[in-house]
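[1] Show me the folded form of this:
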Amino acid sequence: MTRAEAFSDREVAMCQVARLVENGRTYWAAGGGTPLYSVLLGQKLYAPDAQYVTEDGVIAPEPMLPFEPMMTMVASRAVYRAVAWGTMNSAGIHAQLGYMDYGVLNTLQVDQHGNINSTFLGEYGGQGRRFGGPGGADTIAACCWRTILITDQERRKFVREVDFISSPGFLDGTPGARERAGLPEETGPWRVVTPWAMYDYQDRRLRLMARVPWVTVEEILEECEWKPLIADEVQVLEPPTEEELQLLRTELDVRGQTTDAAGSWIVWDGERYVRGYRLSQSCTGKPPSTAVDGGFVYVSLDGVRRRQ
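    Numbers count the residues shown, from 1 in each chain. I've put the predicted structure just below:
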């Protein structure tokens, strides 16, 4: 595969999750954005025998691509050739029976024990900001054998203790905490993936295991409210490939809803990757995420313009 020369932060995270997808495994994806696109990308490129279930219970569909801009999880093209069209409750029953290998989620906050908050920021019941809540993500985190979390590498998201537990991780981090709460044995968080890093868990605590080449360990730690555990040897992740981005931009996320085209971008300058670019108007007049053949104009924070 060909190394990509320019990509967004969000695309980095989705490509890393796609590479975790395994043949013969079932993935319960929360929502119709980043988690679903990541699993589909992995299925199309790396694990054709993987299956996925939508948050609201559609089992093993073969969606008609490209995804339409406003396609939902249960649109006719999205559920084409599904094995079954269930409900969120029926999917939860399958998870309780042990048929869901991985859950894939995103969130507002994650803490050192993998607990997830997507409900409320602030003191619950007092001053704060209310959000939509977990939907089916609480059941996904409770019952799947392993969970993969996708989020941004920001200090406000990586907190010592979440403001509200919407979806359970290892709870208070003590041995057997999930089991005492009535959750299935040997289940729980497995990976956290951000545009900068990948984490696993050691003794039910978050551990930095890998980083992208354009960010240092020190920079990652600055974006955590507490200091996570650090692997003895932090691996370096491979950047996205042109093949991954082509599929993501032209088949899965045509309108750029999750790739964050207006946000931070990483650009190859001929010697190394440089981050801190934003994407300006494409000279082709197309939305930035669909201008795969060129026409991107990158503007660095110091005003230097680069055209790919």
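[2] When you work out contacts or count neighbours from here on, use the C-alpha atoms and nothing else.
    OK.
[3] which intervals of this protein have sub-threshold pLDDT?
    68-74, 259-263, 277-308 (pLDDT under 70).
[4] So in terms of bridging, what pairs with the residue nearest the centre of it?
    For the chain, the residue nearest the mean C-alpha position is Ile150 (2.8 Å; C-alpha atoms, centre = their mean). When bridges are called by DSSP bridges, Ile150 pairs up with Asn106, Val193.
[5] Could you tell me which residues make contact with it?
    For Ile150, the contacting residues are Ala13, Met14, Val17, Thr34, Pro35, Val104, Leu105, Asn106, Thr107, Val192, Val193, Thr194, by C-alpha atoms under 8 Å, 6 or more residues apart in numbering.
[6] ok, now Gly270?
    Contact analysis of Gly270 by C-alpha under 8 Å, 6+ apart lists nothing.
[7] what do you get for Glu242?
    Contacts for Glu242 (C-alpha under 8 Å, 6+ apart) come out as Met1, Thr2, Arg3, Ala4, Glu5.
[8] Could you rerun that using 6 Å?
    Thr2, Arg3, Ala4 (C-alpha atoms under 6 Å, 6 or more residues apart in numbering).
[9] For PyMOL, write a command that selects the buried ones of these.
    Buried residues within the contacts of Glu242, by 16 or more other C-alpha atoms under 10 Å, are selected in PyMOL with:
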select buried, resi 4
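[10] Now the contacts of Glu242 in JSON lines, please, with extra columns for secondary structure.
    Output for the contacts of Glu242, formatted as JSON lines (DSSP: H, G, I helix; E, B strand; the rest coil):
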{"residue": "Thr2", "secondary structure": "coil"}
{"residue": "Arg3", "secondary structure": "strand"}
{"residue": "Ala4", "secondary structure": "coil"}
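[11] Dump the contacts of Glu242 into a markdown table; add distance to Gln246 as well.
    Output for the contacts of Glu242, formatted as a markdown table (distance: C-alpha to C-alpha, whole Å):
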| residue | distance to Gln246 |
| --- | --- |
| Thr2 | 11 |
| Arg3 | 12 |
| Ala4 | 10 |
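[12] sorry, back to before: which one among the contacts of Ile150 gets closest to Val53?
    Val104 (10.4 Å; C-alpha to C-alpha).
[13] From Thr250, how far out is that closest one?
    22 Å (C-alpha to C-alpha, to the nearest Å).
[14] Kindly report the same for Asp269.
    For Asp269 relative to Thr250 (C-alpha to C-alpha), the value is 25 Å.
[15] which of those two has more neighbours?
    Counted by other C-alpha atoms under 10 Å, Asp269 and Thr250 do not tie: Thr250 has more neighbours, with 18 against 11.
[16] In three-state terms, how would the more buried one be classified?
    Secondary structure assignment for Thr250 (three-state DSSP): helix.
[17] now Ile140
    Here Ile140 takes the helix state, with states given by three-state DSSP.
[18] Now it: closest residue in space that isn't a chain neighbour?
    Gly103 (5.6 Å; C-alpha to C-alpha, 6 or more residues apart in numbering).
[19] For the stretch 1-150 of the chain, just list every one of the strands.
    Assigned strands in the stretch 1-150 of the chain, in chain order: 6-8, 26-29, 51-54, 58-59, 84-85, 102-106, 109-110, 116-117, 120-122, 128-130, 146-150 (criterion: DSSP state E, counting those that start in this stretch).
[20] closest one to Leu229 among these?
    Taking C-alpha to C-alpha, strand 109-110 is the member of those nearest to Leu229, at 14.8 Å.
[21] Check which helices and strands that closest one sits against.
    Counting by 3 or more C-alpha pairs under 6 Å, 6 or more residues apart in numbering; DSSP states H and E, the packing neighbours recorded for strand 109-110 are strand 116-117.
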